[in-house]
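Chemist: Turn this into a structure:
(2 chains)
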Amino acid sequence: MAVRKKAAMPPAEPPVPRTLFEKIWDSHVVHRQDDGTCVIYVDRHLVHEVTSPQAFEGLRMAGRPVRRPDATVAVADHNTSTLPVSAGDVDEESRIQIETLEKNVADFHVPYFGMDDPRRGIVHVIGPEQGLTLPGMTIVCGDSHTSTHGAFGALAFGIGTSEVEHVLATQTLIQKPAKNMRVAVEGSLPIGVTAKDVILAIIGRLGTAGGTGYVIEYAGRTIREMTMEGRMTVCNMSIEAGARAGLIAPDETTFKYLDGRPYAPKGGAWDLALGQWRRLPSDKSAHFDMQLDLNASDIPPMVTWGTSPQDALPITDVIPDPANAPDENRREAWARSLAYMGLTPGTKLVDVPIDRVFIGSCTNGRIEDLRAAAEIAKGRKVAAGVSAMVVPGSGLVKAEAEKEGLDRIFLEAGFEWRIQGCSMCLAMNADRLEPGQRCASTSNRNFEGRQGRAGRTHLVSPAMAAAAAIKGTLADVRDYQ
Amino acid sequence: MEKFTTLSGVAAPLPMVNVDTDMIIPKQFLKTIKRTGLKEGLFYEMRWTPDGQKKDFILDQPAYQNAKILVAGPNFGCGSSREHAPWALLDFGIRCIISEDFADIFYNNCFKNGILPIKVSKEIIAKLMDDASRGSNAIIEIDLDKQEIKGPDGGTVHFEVDAFRKKCLMEGLDDIGLTMEKKTDIDSFEARQKDSQPWLHTAS
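Modeler: All right, here's what the predicted structure looks like:
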């Protein structure tokens, strides 16, 4: 009997090219309604003291447990003191909030990096540091700067407290997919220009609402050549352009960073994971709803002059005149910003005097940031009348900096060297600007009152912040290199 | 969550662009462990001078003290994920915010708290801003079922809203309860993931 040839299979449909975002989204859909609303699975939930108390209370009232304590991690960072405990500068309400978190993690069996744990730090610094952040994951936290973790090719975004409770109870969220935007930065960064300048330039181009409804994938040679820490700075500020999240395709730089981290997979699991992670990058012909291209060589060191992160200009520029604003809305906003910031149109940015310097935050509180600032501070002195502080992003960053002697460099230059935490990025603890004080800050928001009532914030890179501390005015870091 | 079907009330105009969540409720009010009582912090720095004097902010003017609707400039609610922002608005009595567009997280947070955020065109905002500036006699009516805003002069405009979010608001549905009904789906997703990506089920 003749062996019949197996009937040829109908040709397989060519797979639809997908973006990195779409690949992660598709692999996390638990349930899809006809109208496109999805229940998506959450792989990692980061919890902090400020946006979680009401969520745990909700669980308690409904008699619900935390579905996956093993996928959850808690830490106190927002209103912790940056001074030794003996200095006792934690107010009553902050103390209650931290104690409430401690009670909640105990009651609900959630892993917790406690106040005395050397690994404690800003939630977005310790996630990557511990290998809790991995490519292809969905990661959420009751904090808008959760976008930081997108640097690893993880879909990571901030949620409100009701959603925190939803994730604690169900390990899922109800969502509709976002649109795709690709921001490509090509070329090598000029001297003195860092990831912070790149993201400020991008936000300046997109505007503070330009990313609304999108997930931004950052691509191009400039991004690929960045370290993981630089990529985190870029993704961190995606929310300042209004984007739901920022993403960067995982590559060898990502894998090298993660290999051996405490919570990263090991052995066979690592090999298995690696195989899957390598398939995550956007397909070549994947569709993006919007594309923005920048050339790295066009980006100078940047600084913000107003009260929105989109108010970013090259440090060589002058304070803009509302009369030249592109539209009526902007004209009013610029005039309001200038009045709040106490600035006059036409003033050179490098002539704007400062009172304070803050180096730290989830944007720029990692070891490379501190090294960049220390390089400028080394052998120099903080200008008379300027108060400057350095706040490491985590206990491990602090320890590493001290091992490298960076603390000595800062202290000798006249900077304060503090304990890790969010600190003056949002000034929930005692670290805040006095009314009218002007600050060069490596944080992410220059909103009115952000760093203290009537405080004036100029967002810059760590090296630019250090240069400003030395000069006593906003400064061009290239004059100090 | 309180149901949202119809709403009739005074609308306060707030034409600023980019009203951020730090403006809506400054950090010092985030230290609470409750959802209630946050109206004290609502627009705090715009309402009070540093030495505790009232500044005559729009919501403190006699015509708007009982406002239930806010007609706001574009990109309302940008910034942080703090749900304290919608909690504070709700505590004051605001159940509806109308703007050209909203920041994503804030927009989402509104629906979780029985607040209806409505997106309309720039032209409609201009008209509503004008209506709102007429004070306490200018009552605006919202009908969520019909998806209509009725101005004080009787004219109506239609607005779009996601059908699922509309249903949740109109019925005051508890999201968590709804998702709990899909427990079997979640269980099987987890089982599949544990098999294909075991490293996601060992950590922390």
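
Chemist: Centroid-nearest residue for chain A?
Modeler: A:Asn236 (2.4 Å; CA atoms, centre = their mean).

Chemist: That one: what's it in contact with?
Modeler: Residues near A:Asn236 by CB atoms under 8 Å, 6 or more residues apart in numbering or on different chains: A:His124, A:His145, A:Ser147, A:Thr148, A:Ile199, A:Gly246, A:Cys362, A:Thr363, A:Asn444. Just so you know, the C-beta spots here come from the backbone N, C-alpha and C atoms, and that holds for glycine as well.

Chemist: which two in those are spaced the farthest apart?
Modeler: Greatest spacing in the contacts of A:Asn236, by CB to CB: A:His124 and A:Ile199 (14.5 Å).

Chemist: Among the contacts of A:Asn236, which one sits closest to chain B?
Modeler: Among those, A:His145 lies closest to chain B (CB to the nearest CB), at 8.4 Å.

Chemist: Scan chain B for its longest helix.
Modeler: helix B:183-196 (DSSP state H).

Chemist: Just checking it against chain A, any contact.
Modeler: Yes: Helix B:183-196 is in contact with chain A by CB under 8 Å from any CB of the partner chain, via B:Asp185, B:Ile186, B:Phe189, B:Glu190, B:Gln193.

Chemist: Check the burial of the last one by counting its neighbours.
Modeler: A count of nearby residues for B:Gln193, using other CB atoms under 10 Å in any protein chain shown, gives 17.

Chemist: Okay, buried residues for stretch B:34-49 please.
Modeler: Under the neighbour-count criterion of 16 or more other CB atoms under 10 Å in any protein chain shown, stretch B:34-49 has B:Arg35, B:Leu38, B:Lys39, B:Gly41, B:Leu42, B:Phe43, B:Tyr44, B:Glu45, B:Met46, B:Arg47, B:Trp48 buried.

Chemist: Take the residues you listed and keep only those in strands.
Modeler: Among the buried residues of stretch B:34-49, DSSP state E puts none in strands.

Chemist: For the residues of helix B:183-196 next to chain A, pick the one with the most neighbours.
Modeler: Going by other CB under 10 Å, B:Phe189 tops the residues of helix B:183-196 next to chain A with 21 neighbours.

Chemist: Three-state assignment for the nearest residue to that residue once chain neighbours are set aside, please.
Modeler: Spatial nearest neighbour of B:Phe189, excluding adjacent residues (CB to CB, 6 or more residues apart in numbering or on different chains): A:Val30 at 4.5 Å. Assigned with DSSP: H, G, I helix; E, B strand; the rest coil, A:Val30 falls in the strand class.

Chemist: try B:Leu70
Modeler: Under three-state DSSP, B:Leu70 comes out as strand.

Chemist: beta partners of it?
Modeler: In this entry, B:Leu70 is beta-bridged to B:Ala12, B:Ile97, by DSSP bridges.

Chemist: what's the distance between it and chain A?
Modeler: From B:Leu70 across to chain A, the span is 17 Å (CB to the nearest CB, to the nearest Å).

Chemist: can you give me phi and psi for B:Val7?
Modeler: Just so we're on the same page, residue B:7 is Leu rather than Val. Taking degrees, to the nearest 10, you get phi -150, psi 140 for the backbone angles of B:Leu7.

Chemist: Let me fix that, I meant to ask about B:Phe102.
Modeler: phi -120, psi 160.

Chemist: in chain B, which spans are strands?
Modeler: Going by DSSP E, chain B shows strands at B:6-14, B:69-72, B:96-99, B:116-119, B:139-143, B:148-150, B:156-158.

Chemist: what residues does the last one touch?
Modeler: Pointing back at strand B:156-158 there. Strand B:156-158 is contacted by residues B:Val120, B:Ile124, B:Lys127, B:Gln147, B:Glu148, B:Ile149, B:Lys150, B:Gly151 when judged by CB under 8 Å, 6+ apart.

Chemist: Pull the number of nearby residues for the closest residue to the fifth one other than its chain neighbours.
Modeler: It refers to B:Glu148. In this structure, B:Glu148 finds its nearest non-sequential neighbour in B:Thr156, 4.8 Å apart by CB to CB, 6+ apart. B:Thr156: 11 surrounding residues under other CB under 10 Å.

Chemist: Point out where the stretch 151-300 of chain A drops to low pLDDT.
Modeler: Nowhere does the stretch 151-300 of chain A drop to pLDDT under 70.

Chemist: one step back: now for the strands of chain B, which one comes closest to A:Met290?
Modeler: Across the strands of chain B, closest to A:Met290 is strand B:116-119 (CB to CB), at 18.9 Å.

Chemist: so what does that closest one touch, helix or strand wise?
Modeler: strand B:96-99, helix B:104-111 (3 or more CB pairs under 8 Å, 6 or more residues apart in numbering or on different chains; DSSP states H and E).

Chemist: hang on, the earlier thing: now the strands of chain B in a markdown table, with mean pLDDT?
Modeler: Output for the strands of chain B, formatted as a markdown table (pLDDT from 0 to 100):
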| stretch | mean pLDDT |
| --- | --- |
| strand B:6-14 | 97 |
| strand B:69-72 | 98 |
| strand B:96-99 | 98 |
| strand B:116-119 | 98 |
| strand B:139-143 | 97 |
| strand B:148-150 | 98 |
| strand B:156-158 | 96 |
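
Chemist: that older thread, how far off centre is the longest helix of chain B?
Modeler: 34 Å (CA atoms, centre = their mean, to the nearest Å).

Chemist: Run through who's touching that helix.
Modeler: Residues contacting helix B:183-196 (CB under 8 Å, 6+ apart): A:Val30, A:His31, A:Val39, A:Tyr41, A:Arg67, A:Thr170, A:Gln171, A:Thr172, B:Thr179, B:Leu200, B:His201.

Chemist: Same question for stretch A:197-209.
Modeler: Contacts for stretch A:197-209 (CB under 8 Å, 6+ apart): A:183, A:185, A:189, A:222, A:233-234, A:236-237, A:240-242, A:292, A:294, A:296, A:299-304, A:308-313, A:459, A:461, B:18, B:74-75, B:78, B:101, B:103.

Chemist: Before we go further, A:Pro345 is sitting in a helix, right?
Modeler: No: counting by three-state DSSP, A:Pro345 is not found in a helix; it is coil.

Chemist: Wait, it touches A:Arg331, no?
Modeler: No: assessed by CB atoms under 8 Å, A:Pro345 is found out of contact with A:Arg331, at 11.9 Å.

Chemist: what is in contact with the two at once?
Modeler: A:Pro322, A:Ala323.

Chemist: would you list the contacts of helix B:183-196 in CSV and tack on distance to A:Thr100 and neighbour count?
Modeler: As requested, those are arranged in CSV below (distance: CB to CB, whole Å; neighbours: other CB atoms under 10 Å in any protein chain shown):
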residue, distance to A:Thr100, neighbour count
A:Val30, 30, 22
A:His31, 33, 18
A:Val39, 29, 22
A:Tyr41, 28, 23
A:Arg67, 21, 20
A:Thr170, 22, 25
A:Gln171, 22, 21
A:Thr172, 25, 25
B:Thr179, 25, 22
B:Leu200, 29, 22
B:His201, 29, 15
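
Chemist: Adding distance to A:Pro281, write those out as JSON lines.
Modeler: Output for those, formatted as JSON lines (distance: CB to CB, whole Å):
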{"residue": "A:Val30", "distance to A:Pro281": "24"}
{"residue": "A:His31", "distance to A:Pro281": "27"}
{"residue": "A:Val39", "distance to A:Pro281": "26"}
{"residue": "A:Tyr41", "distance to A:Pro281": "21"}
{"residue": "A:Arg67", "distance to A:Pro281": "31"}
{"residue": "A:Thr170", "distance to A:Pro281": "30"}
{"residue": "A:Gln171", "distance to A:Pro281": "27"}
{"residue": "A:Thr172", "distance to A:Pro281": "26"}
{"residue": "B:Thr179", "distance to A:Pro281": "31"}
{"residue": "B:Leu200", "distance to A:Pro281": "20"}
{"residue": "B:His201", "distance to A:Pro281": "25"}
